[in-house]
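Colleague: What follows is a predicted structure for the sequence shown.
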Amino acid sequence: MATNDLYQSTFMPIFQRAETKIKTLILAAFLSGDALIPLRLKIDGVIAWAVSQVPKDLHDKTAYLRGLKHKSEQFILAYYKKPLVAYKVAKNDLLVSVPPSMGAPKVDNPQALLDLVSDKRKLWSAAKGSPNVVNYQKEIKKAIENLAENPVTTFEPGKKPISLWQKAELDVRHENQVQMLQDLRVKGVKYAWTSSHPNCSKRCQKWQGKLMSLDEHAKGSNFQVTTIDGHPVFSLPDIMNQVDKYGYHNNIISGFNCRHRLIPYKPGVYGPEQYTDKDVSKERAIEQRIREMEREIRKLKTQALLLSQAGQIKLAHEIENRVKILIVRYKEYCERNGYAWYQYRINI
């Protein structure tokens, strides 16, 4: 896990900062009624900055960048996409739009609408401090919460969108595992045990501690190719090549944040320690809780930042205090259960 985090810390903070900046830009444009073209240009600038900062050899870098662009557009449309409302004012058609989360403004007649937009700005910008916008504070808080809790996801044709954090964990580990497999083949290793650890995922649990052939393919559906010293031998290439329902090669050795390794087989030497289902379930639950706490901290930090940007200082401070408490609990929980915690995983 340390190797994963060491490398991820070189690029995930960059994507996280880009995501946070994009959200602040969208909120600022929403609050001030800015036009969409300048907003999109600013977002393009943020993405260009990310391109210049991430390692040039980052695997599948375009998937992260496409994700930033695609998700940014989804965020924008969530705030701005609404058919224009046409009003006849004097001899001219007056077209105005309202962010969908705000609902329709209460105006009695075209002249009242004209009064609201007399400075030619968008209705939202002109009316945001007016009682004509119903439940303003409640609605803006809801909009900010939605923006904060939705992470940027990847955009890859034929695959389910996943968070950039999941993408990083999948790619970094996959590269390491493929290199490990190739190194063993170069050394002439034909069979190897998969390592075993108590906090493995459900997808890996079935295959950890098993004897694998590094090159042979199975003829049957159970992936077994032969038997050695009474141990069934399974086809690692076939297992790794399985694609889940979301389009990913997400299995032992090649899966999301998989930390299993391959141990060369030696005749007469039995495989790694086996863990009970109870042991595995306990450790898995601990690690899942750690990831949940990290996501919650990042979400609340983003929410506090956006609330402060919207002028809701008191509420922002309340959330910041919650974050401080959560960070203490996060660190204590990790240390109490023998896990390392990483500052970059809770930064925005």
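Modeller: Now that the structure is in, tell me what you want to look at.
Colleague: Look at residue 257 and report its pLDDT.
Modeller: pLDDT, residue 257: 64.
Colleague: Likewise for residue 88?
Modeller: Looking at residue 88, the pLDDT reads 37.
Colleague: what do you get for residue 304?
Modeller: pLDDT, read off for residue 304, is 93.
Colleague: Also residue 335?
Modeller: Per-residue confidence at residue 335 stands at 91 (pLDDT).
Colleague: can you list the residues that contact whatever helix or strand it lives in?
Modeller: In this assignment (DSSP states H and E), residue 335 forms part of helix 313-336. By C-beta atoms under 8 Å, 6 or more residues apart in numbering, the list of residues contacting helix 313-336 from outside reads 141, 289-290, 293-294, 296-297, 300-301, 303-305, 307-308, 340-341, 346. (C-beta placed from N, C-alpha, C; glycine too.)
Colleague: Report the backbone C-alpha coordinates of it in PDB.
Modeller: The C-alpha trace of helix 313-336 is given here as PDB (Å, rounded to 0.1, in the frame of the first residue of the first chain):
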ATOM      1  CA  ILE A 313     -19.600  32.100   6.500                       C
ATOM      2  CA  LYS A 314     -21.300  30.800   9.700                       C
ATOM      3  CA  LEU A 315     -22.400  27.600   8.100                       C
ATOM      4  CA  ALA A 316     -18.900  27.100   6.500                       C
ATOM      5  CA  HIS A 317     -17.300  27.500   9.900                       C
ATOM      6  CA  GLU A 318     -19.600  24.900  11.400                       C
ATOM      7  CA  ILE A 319     -18.600  22.400   8.800                       C
ATOM      8  CA  GLU A 320     -14.900  23.200   9.200                       C
ATOM      9  CA  ASN A 321     -15.200  22.400  12.800                       C
ATOM     10  CA  ARG A 322     -16.900  19.100  11.900                       C
ATOM     11  CA  VAL A 323     -14.000  18.400   9.600                       C
ATOM     12  CA  LYS A 324     -11.400  19.000  12.300                       C
ATOM     13  CA  ILE A 325     -13.200  16.400  14.500                       C
ATOM     14  CA  LEU A 326     -13.400  13.900  11.700                       C
ATOM     15  CA  ILE A 327      -9.700  14.200  10.900                       C
ATOM     16  CA  VAL A 328      -8.800  13.400  14.500                       C
ATOM     17  CA  ARG A 329     -11.100  10.400  14.400                       C
ATOM     18  CA  TYR A 330      -9.700   9.300  11.100                       C
ATOM     19  CA  LYS A 331      -6.100   9.400  12.300                       C
ATOM     20  CA  GLU A 332      -7.000   7.600  15.500                       C
ATOM     21  CA  TYR A 333      -9.000   5.000  13.700                       C
ATOM     22  CA  CYS A 334      -6.100   4.200  11.300                       C
ATOM     23  CA  GLU A 335      -3.500   4.100  14.000                       C
ATOM     24  CA  ARG A 336      -5.700   2.000  16.300                       C
END
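Colleague: The chain should start at 48 in everything you say after this.
Modeller: Done: numbering now begins at 48, and the last item shifts to helix 360-383.
Colleague: how far is it from where the chain is centred?
Modeller: Chain-centre distance of helix 360-383: 21 Å, with C-alpha atoms, centre = their mean, to the nearest Å.
Colleague: tell me the strands in the stretch 98-247 of the chain, going along the chain?
Modeller: Along the stretch 98-247 of the chain, the segments classed as strands by DSSP state E, counting those that start in this stretch run 132-136, 139-143, 238-241.
Colleague: re the thing from before, any of the contacts of helix 360-383 buried? List them.
Modeller: 188, 337, 340-341, 343-344, 347-348, 350-352, 354-355, 388, 393 (16 or more other C-beta atoms under 10 Å).
Colleague: Show me what the longest helix belonging to the chain packs onto, helices and strands only.
Modeller: Counting by DSSP state H, the longest helix found in the chain is helix 324-356. Judged by 3 or more C-beta pairs under 8 Å, 6 or more residues apart in numbering; DSSP states H and E, the packing partners of helix 324-356 are helix 59-79, helix 183-196, helix 249-252, helix 360-383.
Colleague: pLDDT value on the spatially most central residue of the chain, please?
Modeller: In the chain, the residue lying closest to the centroid (C-alpha atoms, centre = their mean) is residue 210, at 2.1 Å. In the prediction, the pLDDT value recorded for residue 210 is 85.
Colleague: got the contact list for it?
Modeller: 198, 199, 200, 201.
Colleague: Which positions in stretch 198-205 come out as buried?
Modeller: Neighbour count says stretch 198-205 has 198, 199, 200, 201, 202, 203 buried, by 16+ other C-beta under 10 Å.
Colleague: still on that earlier bit, what's the farthest-apart pair in the buried ones among the contacts of helix 360-383?
Modeller: Distance extremes for the buried ones among the contacts of helix 360-383: the farthest pair is 188 and 388 at 30.2 Å, using C-beta to C-beta.
Colleague: Point out where this structure drops to low pLDDT.
Modeller: Within the chain, the stretches with pLDDT under 70 are 48-52, 126-186, 245-246, 302-304, 318-324, 326-327.
Colleague: Which residue ranges make up the domains of it?
Modeller: Domains of the chain are assigned by automatic domain parsing as 56-128, 132-179, 211-322, 325-393.
Colleague: Residue 100: neighbour count?
Modeller: 14 (other C-beta atoms under 10 Å).
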